[in-house]
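A.B. asks: model this:
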Amino acid sequence: MGDILSQNEIDELLKALNTGEIDVQQMQTTTSEKKIKIHDFKRPSKFAKDHLKTLHIINENYSRLVTNFLSGYLRTLVQVDVVSVESLQYMEFTNSISNPVVLGVVDFSPLNGQIILEMAPNIAYALIDRILGGRGTSLDKVRGFTEIELAIIERIIIQILNLMREPWENVITIRPRLEKIETNAQFAQIISPNEMVALVTLSGHVGEVEGMINICIPHMVVEPILSKLSTRLWFSSIEKESTRETKQSIEIKIENTKVPVRAVLGRTTINVSECIELQVGDVIPLDTLVNGDLEVLVGDLLKFYATPGVRKNKVSVRITEVVRKEDE
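C.D. replies: Below you'll find the model as predicted:
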């Protein structure tokens with residue numbers, strides 16, 4: 001339903017029609033026009049907004065894990081944050097990469113295919129410098145990586161890839177494995193240039209050095225689990241129906257849980273001076289009667305009343321009353 005015009009607006013509209021300022025035919029033509037959405041068949045949108053939003057949530061958790069790990073591993077201030085998650089062609093991603101660069105080709109098992117972890121050279125240089133005992137500074141002039149530097153970077157990438165398992169476990173149990181490291185984008189053609197990918201851009205700060213870390217996820221890799229990449233499934237309030245096996249498993253765990261149980265003989269209050277003067281053989285009167293029941297606590301909660309006694313030459317108590325929650 002459209003907006004309701006006021007009487008003044010109606011009068012102004014009639015006046016404009018009478019003076020010729022507004023053409024009735026032009027108004028009808030404008031009203032009958034349909035809104036057309038342009039679709040590019042060369043670049044189909046295979047990732048829905050809901051899929052990209054879920055990937056954003058997953059990688060926010062991943063960035064926090066990487067931040068905590070690198071901060072402790074390098075003993076310096078490290079901050080990794082998600083900048084954006086967007087859908088684009090793989091060709092656009094590779095064309096934006098400048099050589100040299102660190103490209104980790106990762107097997108995304110059990111899913112078929114590979115993903116790419118790209119690390120900016122200045123971030124890689126800062127990590128290498130910090131691991132080798134430096135302050136974590138980058139190079140003024142970009143150069144190629146030596147074999148020793150690539151070996152150090154490979155070790156770091158393997159460790160941060162292992163952190164990827166936890167954020168993805170709500171979707172699928174993955175086993176990411178680094179296959180190789182390339183320093184030239186031309187040797188990292190894992191899919192067709194026209195294939196759509198989800199590009200996760202992370203902003204990394206290592207000390208005073210700032211750079212980008214990109215995670216390139218091809219559509220064909222996550223296509224079998226796209227139905228699970230939905231925020232509606234993550235935040236659904238519908239509870240799953242509990243099975244008989246689940247209930248039995250919970251009961252067994254509860255039955256085998258150990259809890260501390262103690263019987264309180266009684267309580268009293270004395271002065272500090274009296275406590276200091278206590279000697280062996282002194283008698284302290286308690287607030288419990290000789291024939292009175294003792295309190296039996298499970299943890300810090302009163303659950304039973306009991307009488308003291310001896311059983312098989314051991315001090316014991318016999319339960320006389322059960323304190324239920326509704327009786328308190």
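
A.B. asks: ok, residue 142 - contacts?
C.D. replies: For residue 142, the contact set (Cβ atoms under 8 Å, 6 or more residues apart in numbering) comprises 100, 121-122. C-beta coordinates here come from the backbone N, C-alpha and C atoms, glycine included.

A.B. asks: how close does it get to residue 275?
C.D. replies: Distance of residue 142 to residue 275, given as Cβ to Cβ, to the nearest Å: 75 Å.

A.B. asks: what stretches of the stretch 101-250 of the chain score poorly on pLDDT?
C.D. replies: Low-confidence segments of the stretch 101-250 of the chain (pLDDT under 70): 231-242.

A.B. asks: for it, just list every one of the strands.
C.D. replies: Along the stretch 101-250 of the chain, counting by DSSP state E, counting those that start in this stretch, strands occupy 102-109, 114-119, 175-182, 196-206, 209-218.

A.B. asks: how about TSV for the ones you listed, with mean neighbour count and distance to residue 94 added?
C.D. replies: Formatted as TSV, the strands of the stretch 101-250 of the chain follow (neighbours: other Cβ atoms under 10 Å; distance: least, Cβ to Cβ, whole Å):
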stretch	mean neighbour count	distance to residue 94
strand 102-109	21	9
strand 114-119	23	9
strand 175-182	16	11
strand 196-206	22	10
strand 209-218	20	9
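
A.B. asks: of all those, which one is nearest residue 86?
C.D. replies: Residue 86 sits nearest to strand 196-206 of all those, at 5.6 Å, using Cβ to Cβ.

A.B. asks: name the helices or strands packed onto the closest one?
C.D. replies: When contacts are defined as 3 or more Cβ pairs under 8 Å, 6 or more residues apart in numbering; DSSP states H and E, strand 196-206 sits against helix 49-74, strand 78-89, helix 90-95, helix 121-131, strand 209-218, helix 219-222.

A.B. asks: next, the angle helix 121-131 makes with that strand.
C.D. replies: Angle, strand 196-206 to helix 121-131, by axes from the mean of the first three to the mean of the last three Cα atoms, to 10 degrees: 40 degrees.

A.B. asks: good, wrapping up.
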